[in-house]
Structure formats: structure tokens, C-alpha cells
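Asker: build me a structure from this.
(2 chains)
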Protein chains: 2
Amino acid sequence: MPPPRVLAFDAGGTKLLGGVVGADGEIERRVLRGIAGLTRDALLETICEAAEKLREGAPHVLAAGFGIPSTIDRRSGRSVQSVHLPFDDFAFGAEIEDRLGLPVAWDNDANAALFGELRLGAARGASEVVMLTVGTGIGGALAFGGRIYRGSSGAAGELGHIPVDSDGPPCQGGCPGRGCLEALASGAAIGREGATVASAAPDSALGRAVADGREASGVLVTELALEGDPGAMSVLELAGERLGAGLAGIANALDPEVIIVGGGAMRAGELLLGPARRVLAERALRPASERVRVTAAELGEVAGMVGAGLAAHELARGGERAEAWR
Amino acid sequence: MPPPRVLAFDAGGTKLLGGVVGADGEIERRVLRGIAGLTRDALLETICEAAEKLREGAPHVLAAGFGIPSTIDRRSGRSVQSVHLPFDDFAFGAEIEDRLGLPVAWDNDANAALFGELRLGAARGASEVVMLTVGTGIGGALAFGGRIYRGSSGAAGELGHIPVDSDGPPCQGGCPGRGCLEALASGAAIGREGATVASAAPDSALGRAVADGREASGVLVTELALEGDPGAMSVLELAGERLGAGLAGIANALDPEVIIVGGGAMRAGELLLGPARRVLAERALRPASERVRVTAAELGEVAGMVGAGLAAHELARGGERAEAWR
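Answerer: Numbering: from 1, shown residues only, chains lettered A, B, ... in the order given. Predicted coordinates for the structure are as follows:
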């Protein structure tokens, strides 16, 4: 009998990462597809085509796992509010099970990433865990007692949408909030702040890069900050401090043992995490402020895919925890 | 054999409410003691004297329960940061057990109040619950799966210390944060805002009351708002909107089925809750925004004492849930 394997996918706003994943999280094959701007039908067809491709080399998969950037209502089995993908109010799990002919474990992408980090990454052995994924937006996930916490309808963990400046600018994507953490400390916010600094200091490395036609994105700001440009570094410091203010509130509310920060913005590493840790320590109440450890995610860009794969294995094995993913 | 009874106490910043509580939460005797400004020793003696008084009429109590306004570190068995009482870094439970000669269940006062509401009040039958107690400060408590959630060290639930304006004014009491919900929507914040409105509109009812020498407190603002004074009503509306912004973040993060608001500020009723509900509905993500119910606490000022009493009964009965209170 071949070793148990599943298909696993992490769907982001612009790309779909897929793979064949073994029971211990090992990745055997991978596919990557661009999905920006696709209609729902085209996106579903892309998923099926990618699954087909993966199954050519792994014909005996037991299940499939998905992480998608959406709030989910477990009571109705629907993805509800998907900021970057056409999955609003959609019976995602049932449709995918139908199309792939496999049992499907699916969850919010940050929940999938945290599940990966709990099993194989920065949260191994931890019980009370908070994760933030800082990319274009900010996702989040919670684990209490070592298990993913989903709230009363399945949508818990949207930590990017805690307001840290409730009279601040409107949030992005489909969020109706103002001054959310995502509006002030995400990759998109870092890019906006970078554009402001580039205008104010045209002779800085950041100013020259923008004058040369590069987009003032979070990626550019991070690249120049890592090269030592003071303007770019100050942008990351401000974003890190805002992140830290949010983390102080999260520490006060939830008293976690570890807060994991992942996502593309973590390319900035300590330039972002250092100020966040400092503000958290300055502003949170004891004992939570002394207890909590703030650390970078370990699984990098495959966290969501690996977590989705491990969830699919749990579903395939059955038992008490299996149905939570369905 | 007499029916099982316990002693129960809710210690606030200015008063200690105590009682003899039966297994179903019925209150048989009560005492009230002023405790503002007492030293730790004097406060402990007041507690012992009140306990003595209660035991005169109920000699066969099984245990005692306490709710105290403090963060708690369960790992060390100490109250850590007590904003209004001299219990900082203090082995509260052990000391009280020693003095009373009874097993003692003790917890943060908001946790005790939520336990009361879960068993007998607004959260009966609910599983995923958030509670805020809005008084001079803002306390909070969480229940997941129908049980009080205490985080990794015992300090979870400090929902008053989530920043909703992270560049805002310093928080009050011992909190090192800025722009916390407590700094902007507590009874104290309502009083400060009331003083501003009284200065700006000396001919309003609020302005005249302050000119007559009354303190521009949350109590005064609420009293005049309930009589229809537009200035006082606008103060409560602003506080309610800020509360709603905080609740939107809490709904996004935790997706509770019910958010209970209690504490002295709830004398304002819908004048505070109405704007909070409106802003929550406007700003939170679906499905959490549509799922959550925001409702007033039902047990009023005895919630904490009754909850502490029910916890003491749980401790006295023993079993799986008992030790969580110790």
C-alpha cells in the first residue's frame, strides 16, 4: 500500500500554491498558478486543472485540503466575505468535493497556516497561540488548548480587523472598518507610507527608486530598509510600532504564550518585529506582557499549504477532530 | 444536614459586597463594607470581619469565593496588577484560605461576573461569550465552549485594554497603554467628556449642574441624559460609538454569539448600547457582525458575588472543573 498522501492548496489573492503532502507534512510535488482577477468559474477550473496535474504523480490521494482568504460560516458551510477572491457567499467545500471527487478539509488560510505552525513550526508544543499573517492584508488565527478556535460561526481570528485607530482611515478590501490594524500595518499600508516618505525625501534611496518608476510597495520598502536606507527603515519602524500596539491589545485580551507573525512582510524580520515587541512590552499589562513571546513563523510560504494538507490527513483518518475541517 | 452554602465576595475599588450564597445562586445574607484607600492589612481585616459577620448566621459554609479587580497569574498563584486595590503581586488565595480556614475559589471580578451570567443571567445556554463590565474602568471576560477562558497564565479577558486609538491619551489606573477602550468609553471617560461639554455649554442642564458644584461624573452625565439633556446624551452617544468600535474588533477577532455589557455604566441602558450596536453592525465583518447579539447583563450589581459563590460551590463539590478556580 502506498503511504497516505493528500492534495493541499493555499489560495492567495494572486496565486494558488498546490502540492502533494504526506502524513508528516512532507511536500512531494508542487504546482503554482497565477489566479489574479479570475472569475469564480475560471478559478475553480484552475484548481481542478492543478489538482489533475498533481494526481498524475500521486494517483492514490485520500483527500484534499484548502486554505482560502475568506471568513467562513461553518453553520451554512459557506465562505462569506472573501477580500481577494470571488468566493463571497459560496458553498466552497461542497462544490470542491463535487468537482474533485475527494473529501475536502477547508478553512481560512490563516487557520491553515497556524495549524501548520502548531504541528511543525514555531508553535510546536504550545497551547495558547495567536498568529498574524502580515502580507498585502493582515490575517489572523487563534489556537486555545492547542486546537484552532473558530468562534460561534467559524469566522474567529480576523485579527487584522481590530481597530487601533477607530477614527482612522477606512480599511481596505471589503472591510467596512476604520483604522484597522490591516489599514495601518499591512504590506499595503507600508507601501502607502513609503510613497509619502518618497515624496518628502526625493534624494533618499526610496525617493530615487520611486522616481525611477518603481512602485512604492511593501516589497520595495523592505528591500531598501534591509539595505540600510533610513527613510525605508523609518516606515517599517512605524508599521512595527502600530503592529505592537495591536499586539498589546491582543495580549491583554487573550494572554497567549506565543504570538507568531508570518506572511510576506516578515521578509523585513526584526526591522518589523523589533519595534512591535518593544511597544508590546511597553503597553501591555502584567503578567501577559512578561509571559508572551513574539516570534517569526517558521514554515514560510508553505505554512498554509502544509497546514491544509495536515488538516486533510486528519479528515481522512476520521475521529473526533476530523469534522471540524469540513 | 443543612443545605450547602458558601461565602461570596465581590471586591470593587470602593466597596466590598459579601453574602451567603446557596447552590443555585440564591443570596441569603448580605454585607457591604467601604474599602476605599485601605492598606492591604486593613483590607484583609475588613474581609475577615465581614466573613465573620456572615458566618454568624450560616455556621456551616463549605468554601468562600472571591472576585477581585486584578490580573491573576495562576502559575504563581498571585494577583499581579490590581488597579484599585492593594493586591499587586500578592498570593491572594493562599492568604485568604489561611485567614478564613476555608477552601477559597478566586478569580478576576469580571470572570466571576461572567460565570454568574453564564449560569443564571444573560448568557444562559450560550457557549461562545464575551463580557465587558463598564464602570469607572472597563473589565472583561471570555467564555469559550461554555467555560471561562483564562489564557496561558490566567490573565486573559482584559478587554478594556484593547487600544482603539493607539496614539490617544494615556490609559488610567496602572495601565501603561494609550487610547485603550477604558480610556475612551469607561465611566471615568464619560465624566471627563461631560466636563468638556459642561464648559462648552454652561446653559445646558449639564453645564448648570456642574456650575452648582456637582462633579461631572459618569453618574451625573447618565442621570441628565436619562432626563433628556441633549449635551449629556451626546456624551453617552460618543462613548457608545467608541465602545462599538471596540466591539467590532472583538467580534472580528472572536466571533462570539453574544456580547454582554454590564457594570455601573449600564444604568444608561440603550443610550450607551444603541450607538455601540450601530457601530458594531456598520464596521464588523460578516458573518460575525450578523451573528453576534449585544445585550445588557441581567444580574446587575450582584453578578460578581453570585458568580464567585457558584465558583466556591464548584470548588467545594470537587471534580474536573473545581481546581480552575483555585
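
Asker: what does the stretch 51-200 of chain A have sitting close to chain B?
Answerer: Residues of the stretch 51-200 of chain A lying close to chain B by Cβ under 8 Å from any Cβ of the partner chain are A:71, A:73, A:80-81, A:127-128, A:140, A:142, A:144, A:149-159, A:161-167, A:174-180. The C-beta positions use only the backbone N, C-alpha and C, and glycine is treated the same way.

Asker: what kind of secondary structure is the residue in the stretch 101-250 of chain A positioned nearest to chain B in?
Answerer: Using Cβ to the nearest Cβ, the closest approach of the stretch 101-250 of chain A to chain B is made by residue A:151 at 2.6 Å. Secondary structure assignment for residue A:151 (DSSP: H, G, I helix; E, B strand; the rest coil): coil.

Asker: looks like it contacts residue B:287 (just checking).
Answerer: No: applying Cβ atoms under 8 Å as the test, residue A:151 and residue B:287 come out as separate, 9.6 Å apart.

Asker: shared neighbours, those two?
Answerer: Counting by Cβ atoms under 8 Å, 6 or more residues apart in numbering or on different chains, the common neighbours of residue A:151 and residue B:287 are residue B:255.

Asker: quick check: longest helix of chain A.
Answerer: helix A:230-254 (DSSP state H).

Asker: what residues sit buried inside that one?
Answerer: For helix A:230-254, the neighbour count (16 or more other Cβ atoms under 10 Å in any protein chain shown) marks A:231-254 as buried.

Asker: quick one, strands of the stretch 201-326 of chain A?
Answerer: Remark: strands assigned in the stretch 201-326 of chain A by DSSP state E, counting those that start in this stretch are A:258-262, A:293-296.

Asker: which one of these is the most hemmed in?
Answerer: strand A:258-262 (a mean of 26; mean count of other Cβ atoms under 10 Å in any protein chain shown).

Asker: what angle separates that strand from helix A:230-254?
Answerer: Angle of strand A:258-262 versus helix A:230-254, following axes from the mean of the first three to the mean of the last three Cα atoms, to 10 degrees, is 140 degrees.

Asker: give me the contacts around strand A:258-262.
Answerer: A:113-114, A:117, A:121-123, A:126, A:128-134, A:243, A:247, A:250-251, A:272-273, A:276, A:292-297, A:299-300, A:303.

Asker: what sits against residue A:202?
Answerer: Counting by Cβ under 8 Å, 6+ apart, residue A:202 has contacts A:208, A:211.

Asker: so what pLDDT did it get?
Answerer: Reported pLDDT at residue A:202 in the predicted model: 92.

Asker: got the phi and psi for it?
Answerer: Main-chain dihedrals, residue A:202, degrees, to the nearest 10: phi -60, psi -20.

Asker: ok, it to residue B:235 distance?
Answerer: 46 Å (Cβ to Cβ, to the nearest Å).

Asker: which strand or helix spans the spatially closest residue to residue A:30 that is not a sequence neighbour?
Answerer: Leaving aside its sequence neighbours, residue A:30 sits nearest to residue A:19 (Cβ to Cβ, 6 or more residues apart in numbering or on different chains; 4.6 Å). Per DSSP states H and E: residue A:19 is located in strand A:15-22.

Asker: ok, now which ones touch the residue nearest to residue A:30?
Answerer: A:7, A:8, A:9, A:27, A:28, A:29, A:30, A:31, A:54, A:302, A:305, A:309 are the contacts of residue A:19 under Cβ under 8 Å, 6+ apart.

Asker: A strand includes the second one, no?
Answerer: Yes: under three-state DSSP, residue A:8 falls within a strand.

Asker: and for it, nearest residue in space, chain neighbours not counted?
Answerer: residue A:309 (3.3 Å).

Asker: what sits against that neighbour?
Answerer: A:6, A:7, A:8, A:19, A:21, A:22, A:25, A:27, A:65.

Asker: filter those residues down to the buried ones.
Answerer: Buried among the contacts of residue A:309 (16+ other Cβ under 10 Å): A:6, A:7, A:8, A:19, A:21, A:22, A:25, A:65.

Asker: what's the most distant pair in those residues?
Answerer: Using Cβ to Cβ, those reach their maximum pairwise distance at A:7 and A:25, which is 13.9 Å.

Asker: re earlier: neighbouring strands - and their directions - for the strand holding residue A:19?
Answerer: Applying DSSP bridges, strand A:15-22 is found paired with strand A:5-11 (antiparallel), strand A:27-34 (antiparallel).

Asker: so which of these is nearest residue B:193?
Answerer: Across these, closest to residue B:193 is strand A:5-11 (Cβ to Cβ), at 45.9 Å.

Asker: so how far is that closest one off the chain centroid?
Answerer: Strand A:5-11 sits 16 Å away from the centroid of its parent chain (Cα atoms, centre = their mean, to the nearest Å).

Asker: still on that earlier bit, give me the distance between the residue nearest to residue A:30 and chain B.
Answerer: 29 Å (Cβ to the nearest Cβ, to the nearest Å).

Asker: who's that residue bridged to?
Answerer: residue A:8, residue A:30.

Asker: and it, what's its pLDDT?
Answerer: 98.

Asker: ok so, going back, grab the two from the contacts of residue A:309 that are most spread out in space.
Answerer: A:7 and A:25 (13.9 Å).

Asker: nearest to chain B: which residue in the stretch 201-326 of chain A?
Answerer: Closest point on the stretch 201-326 of chain A to chain B, by Cβ to the nearest Cβ, is residue A:255, at 2.6 Å.

Asker: helix, strand or coil: sort out residue A:76 for me.
Answerer: Going by three-state DSSP: residue A:76 is coil.

Asker: and it, what does it touch?
Answerer: residue A:91.

Asker: next SSE downstream of the host helix or strand of residue A:65?
Answerer: Taking DSSP H and E as the criterion, residue A:65 maps to strand A:64-68. Downstream of strand A:64-68, the next assigned helix or strand under DSSP H and E is strand A:70-73.

Asker: show me which positions of that next one end up buried.
Answerer: Here strand A:70-73 shows A:70, A:71, A:72, A:73 as buried, counting by 16+ other Cβ under 10 Å.

Asker: neighbouring contacts of it?
Answerer: Taking Cβ under 8 Å, 6+ apart as the rule, strand A:70-73 contacts A:78-83, A:85, A:87-88, A:92, A:106-108, A:150, A:153-155, A:158, B:285-288.

Asker: ok so, going back, could I get the strands of the stretch 201-326 of chain A as JSON lines with mean pLDDT?
Answerer: Shown next, in JSON lines, are those (pLDDT from 0 to 100):
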{"stretch": "strand A:258-262", "mean pLDDT": "97"}
{"stretch": "strand A:293-296", "mean pLDDT": "96"}
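
Asker: and those strands as a markdown table, adding distance to residue A:316?
Answerer: Compiled in a markdown table, the strands of the stretch 201-326 of chain A are given as follows (distance: least, Cβ to Cβ, whole Å):
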| stretch | distance to residue A:316 |
| --- | --- |
| strand A:258-262 | 26 |
| strand A:293-296 | 31 |
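
Asker: who wins for proximity to residue A:189 among those strands?
Answerer: Per Cβ to Cβ, nearest to residue A:189 of the strands of the stretch 201-326 of chain A: strand A:258-262, 15.0 Å.

Asker: pairing partners for that closest one, with directions?
Answerer: strand A:129-134 (parallel), strand A:293-296 (parallel).

Asker: much appreciated, bye for now.
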